[in-house]
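> After the sequence you'll find the predicted model.
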Amino acid sequence: MQEGLSFERKLARRAARHGWTMGQLGAHEIAVFWLGLGAQEKDGFKRAVRELSSEFVINSGFAGAVRTLLEPGDFVLAENFSSPELANWLGKKRIFTAKGSFAPVNEVADSAAKAWLNSKGNIIALDMESAQVAALCSDLVVSYVSAKMISDRYDEQIPDIFLGKKIRKMKDISDAIWFATRMLVLRQKLADRLVELISVVGG
């Protein structure tokens, strides 16, 4: 996934090992594993966590906003898909723009689906991986936190080109260029916030 490359490049002494990337971030040894869209690489993830004897897992990437006040670039905590003790502790820190429940989805949601979810209560965002990662980490008995950056507002949807759909009009191209430019900026911003989060969680 391209969304984590900016963070991976912040690691010193990077090395590819057994399907994941190892590196140093200050005093912390970090492993970056690419789960894929919808957490496709579950078996590889479980093998990595077991072999590395991981202290905790940070599930990160991008999510779509459901809460109306959230904007692209906001860093949000999925309380329902994080270890309760970590979620409670991190919720008191000034790392996150917002905290609350994430809604798990099987496909990218449009603005109508987000509006429907917003009517259901304290759902702040949605994504395709956090619920699955939380279940995997619970089975592996490892602490975990789901911390994601908002990529699209509640009233936006990701351009069709990024969903594998055909170009139908010129606006599709301009929308794709605009969104890709935004994501380049957000990738770097996400990397910076992850460095901050690791510093806090890792002590």
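Nice, thanks for sending it over.
> So for the longest helix seen in the chain, what gets flagged as buried?
Secondary structure of the chain per DSSP state H: the longest helix is helix 170-202. Under the neighbour-count criterion of 16 or more other CB atoms under 10 Å, helix 170-202 has 175-176, 179, 183, 186-187, 190-191, 193-195, 197-198, 201 buried. Quick note: C-beta positions are derived from backbone N, CA and C, even for glycine.
> Look at L37 and tell me its secondary structure.
The local conformation at L37, judged by DSSP: H, G, I helix; E, B strand; the rest coil, is coil.
> residue contacts, the closest residue to it other than its chain neighbours?
Closest residue in space to L37, ignoring its immediate chain neighbours: M128 at 6.5 Å, by CB to CB, 6 or more residues apart in numbering. By CB atoms under 8 Å, 6 or more residues apart in numbering, the residues touching M128 are L37, G38, A39, P104, V105, N106, E107, V108.
> cool, L11 as well?
Taking CB under 8 Å, 6+ apart, we find L11 in contact with T21, M22, G23, Q24, L25, I30, V32.
> Setting aside sequence neighbours, what's the nearest residue to the third one?
Once its chain neighbours are removed from consideration, G23 has its nearest residue in L11; the separation is 2.7 Å (CB to CB, 6+ apart).
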